[in-house]
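Asker: Below: sequence and its predicted model.
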Amino acid sequence: MDNLTNLPNSDGFFGEYGGKFVPETLMHALKELDETYSKLKDNPKFIEEIDQDLVQFVGRPSPLYFAKRLTDHYSGPQIWLKREDLNHTGAHKINNTVGQILLAKAMGKKRIIAETGAGQHGVATATVAARLGLECHIYMGAADVERQSLNVYRIKLLGAKVHAVDSGTATLKDALNEAMRDWVTNIEDTYYIIGSVTGPHPYPMIVRDFNAIVGRELRKQSMEQFMQFPDAIVACVGGGSNAMGIFYPFLEEKNVALIGVEAAGSGLSTGKHAAPLNDGEPGILHGAKSYLMQDKNGQVIDTHSISAGLDYPGVGPEHSNLKDSGRAQYIAVDDKEVLSSFHLVTKLEGIMPALETAHAFAALEHIAKNYKSDQHLVINVSGRGDKDINTVATMDGISLD
Amino acid sequence: MEYPLTRLDDKVFSLKKASKKALVAYLVAGDPDLDSTLELMHEFVDAGVDILEVGVPFTDPIAEGPIIQAAHDRALKNNTSLNDIFKLVEKFREKNTETPIILMGYMNTFLANSLALKDAHISGSDAVLIVDIPGECELDEMGIKNKNLASISLIAPTTSEDRISQICSSSSGFIYYVTLRGVTGSSHLNIDEAEEKINFIKSKTSLPIFAGFGIKTPDDAYNLSKISDGIVIGSSLVEMIHEESDQKKFKKIYNYLHEISEAINQ
């Protein structure tokens, strides 16, 4: 297997994936960002500032928790939960925004923009922008504004402006389109905080690096708590930032199985899903080459998932490379499995996972049987589920009004 | 100067010889429908357009403002594919063998049809302009292997001097200077900045430089034509096409283009 750790290369490629496929107006800004990040990432003062924020503002490290009743339920491996849901703002997304806002500050940008699907990245961005007193605009698909109304209100309370995007499918991909258009227009004073390991280089690298704190903590915690690295790490994959963050520090540990879980929506065979690594072809969207849900003419096709955060036709380019290299394995679970997993975990463990995260839990139905009781499997609990109770109630036929 | 070989070089050469500014006009293939697009292409030429830029619709056109986005959506509702566009060009060539045609779109649609693109020049296309590939990229490295198609690159106000040199050396046909920071159809036109940048580009290439993005009125066109070798009009045409698509009478567009054409060559 090729070296997977020292990627991307200087052009932003992970194998054949990644790159910078953007309108010319953005090329200079990407170069500027790349240079700023390269200069700062090993700077002790910058690292100290981020570390301090992660400890005192985010509440890191997040615990590694033994899920006893879930372990008993499956009679497979010992199941451990990496509790990113306990972070400030309720998800892993804050790890990235805490870092990127410091890049924005270093570059002297006054205006922050971001896209969001489930609203968690919007909340995490509005939070760090509020803290630094920067103007903040969040783009969100109109369909997602509807199904994630709690997070929309949180974003507004934090002083950011939410722009509902009606174009295209009115979901995450269209929010990204609109955020990029804003960036092209306001390139001089605006910093775009991309929320996943997607987009043009250097974003997939930067977002991964800021989220890799999760995997680094897990290396230490697993040694302390069960005296070895995990046998498997399971994480949900939309754009793939929570997965990349926990996978990356283990890429060279070949005995650690890395399992990403995509959204099979109504089922892979129905075509109504959001699982490009399982059922897509390489293509170019939002600045990077990666697996993509597209038709034979290269048009991006509509996706479907119960979870707004995974409802995206593309995936981070590094995941595409990990798939092709065989280092990580990608499976998919459908909406029904996800919903029943949401209920199971809530009842057995007293932890209400986000619907995105519930995809990782639902994978246990398929893979738990492959592991023995002396093995250790870690699930990245990427976010908490409070934001999803309206969706869950609707799916269960219950009215909350 | 070496005698020009391609239709695009030929056009550029003859405009230069006649000291004329080029008028490049954009429309989206399949909006409102392919028959209308064909009719409009001929109409454009009659009104004084020198080069046609045919938009290839894409689901996620990130460089386009709302007007052209909506046109892409309408064209896709009609299932307009790149293959349909090759046929459209072939039909256009039955009556017009002189006006160069540039296919303008996004990388994913071209990549998905890279095999068909090998014959694009045979059906009558002359160049491609792919909005979302870095200007210094060679098309064949990207999987689009057709040496008979010119590759038009964009240069923006934010493009550094180093990149301008790189882009100029991998371009053919002409250089498309984006006059503003923004999406198509915006209104932040800055003539002074454009002039400074265009003069710098001129020092790096002998290719003609056409300016576009944000040109609406004959005055805009006139002002930009003074500092460039030609202008590109897009959003305002696409808007008019949509306004008149019910009656499919495009007289207003003819008059508008005629006026622009006069303005840039007065």
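Answerer: Yep, that arrived. Numbers count the residues shown, from 1 in each chain, chains lettered A, B, ... in the order given.
Asker: mind checking pLDDT for the closest residue to chain A within the stretch 51-200 of chain B?
Answerer: Taking CB to the nearest CB, chain A has its nearest neighbour within the stretch 51-200 of chain B at B:Ala112, 2.8 Å off. C-beta: built from backbone N, CA, C; applies to glycine. You'll see B:Ala112 listed with a pLDDT of 93.
Asker: Now it: closest residue in space, sequence neighbours ignored.
Answerer: Distances taken as CB to CB, 6 or more residues apart in numbering or on different chains put A:Gly298 closest to B:Ala112, at 2.8 Å, once the chain neighbours are dropped.
Asker: other SSEs contacting the helix or strand hosting A:Leu277?
Answerer: According to DSSP states H and E, A:Leu277 maps onto helix A:276-279. Using 3 or more CB pairs under 8 Å, 6 or more residues apart in numbering or on different chains; DSSP states H and E as the contact criterion, the neighbours of helix A:276-279 among helices and strands are strand A:257-265, strand A:287-292, helix A:317-325, strand A:328-334.
Asker: Following element in sequence after it, please.
Answerer: From helix A:276-279 onward toward the C-terminus, using DSSP H and E, the following helix or strand is strand A:281-285.
Asker: what's the burial count for the residue nearest to B:Ala112?
Answerer: By the measure other CB atoms under 10 Å in any protein chain shown, the count of residues near A:Gly298 is 26.
Asker: doesn't B:Phe110 make contact with it?
Answerer: Yes: A:Gly298 is within contact range of B:Phe110, at 7.4 Å (criterion: CB atoms under 8 Å).
Asker: Mind listing the shared neighbours of those two?
Answerer: B:Leu82 (CB atoms under 8 Å, 6 or more residues apart in numbering or on different chains).
Asker: which SS class is A:Gly199?
Answerer: Three-state assignment for A:Gly199 (DSSP: H, G, I helix; E, B strand; the rest coil): coil.
Asker: For the residue in the stretch 101-250 of chain A that chain B sits nearest to, which residues are in contact?
Answerer: Closest residue of the stretch 101-250 of chain A to chain B, CB to the nearest CB: A:Thr185 (4.1 Å). Contacts for A:Thr185 (CB under 8 Å, 6+ apart) come out as B:Arg181, B:Gly182, B:Val183, B:Ser186, B:His188.
Asker: what's the answer for A:His73, then?
Answerer: For A:His73, the contact set (CB under 8 Å, 6+ apart) comprises A:Leu344, A:Leu348.
Asker: Return the set of buried residues in the helix or strand containing it.
Answerer: A:His73 belongs to helix A:68-74 when assigned by DSSP H and E. Residues of helix A:68-74 classed as buried: A:Leu70, A:Thr71, A:His73, A:Tyr74 (neighbour count, 16 or more other CB atoms under 10 Å in any protein chain shown).
Asker: Hmm, A:Leu348 and the second one touching each other?
Answerer: By that I understand A:Thr71. No: the pair A:Thr71 / A:Leu348 is not scored as a contact, 9.6 Å apart, by CB under 8 Å.
Asker: which residues do those two both contact?
Answerer: Between them, A:Thr71 and A:Leu348 share no neighbouring residue, with contact defined by CB under 8 Å, 6+ apart.
Asker: Grab the nearest non-local neighbour of A:Arg60.
Answerer: The shortest distance from A:Arg60 to any non-neighbouring residue, by CB to CB, 6+ apart, is to A:Leu54 (4.3 Å).
Asker: can you tell me which residues contact the residue nearest the centre of chain A?
Answerer: With distances taken as CA atoms, centre = their mean, the residue of chain A nearest its centroid is A:Ser241 (3.3 Å). In this structure, A:Ser241 makes contact with A:His92, A:Lys93, A:Asn96, A:Gly195, A:Ser196, A:Val197, A:Val207, A:Arg208, A:Asn211, A:Gly316, judged by CB under 8 Å, 6+ apart.
Asker: Apply 6 Å and report the result again.
Answerer: Listed by CB atoms under 6 Å, 6 or more residues apart in numbering or on different chains, the contact set of A:Ser241 reads A:Ser196, A:Val197, A:Val207, A:Asn211.
Asker: any chance of these in TSV, plus secondary structure?
Answerer: Written out in TSV, the entries for the contacts of A:Ser241 read as follows (three-state DSSP):
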residue	secondary structure
A:Ser196	coil
A:Val197	coil
A:Val207	helix
A:Asn211	helix
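Asker: Tell me the residues of chain B that contact chain A?
Answerer: Taking CB under 6 Å from any CB of the partner chain as the test, the list of chain B residues beside chain A reads B:59-60, B:62-63, B:81, B:107-109, B:112, B:131-135, B:154, B:156, B:158-160, B:181-183.
Asker: which among these end up buried?
Answerer: B:59-60, B:62-63, B:81, B:107-109, B:112, B:131-135, B:154, B:156, B:158-159, B:181-183.
Asker: Now go through these and say which are in strands.
Answerer: Residues from those lying in strands, with DSSP state E as the criterion: B:Leu154.
Asker: roughly how far out does the helix holding A:His73 sit from the chain middle?
Answerer: When distances are taken as CA atoms, centre = their mean, to the nearest Å, helix A:68-74 is centred 26 Å away from the chain's centroid.
Asker: got the contact list for the following helix or strand past it?
Answerer: For helix A:68-74, the succeeding helix or strand toward the C-terminus, using DSSP H and E, is strand A:78-82. With contacts defined as CB under 6 Å, 6+ apart, strand A:78-82 is touched by A:64-67, A:70-71, A:218, A:376-381.
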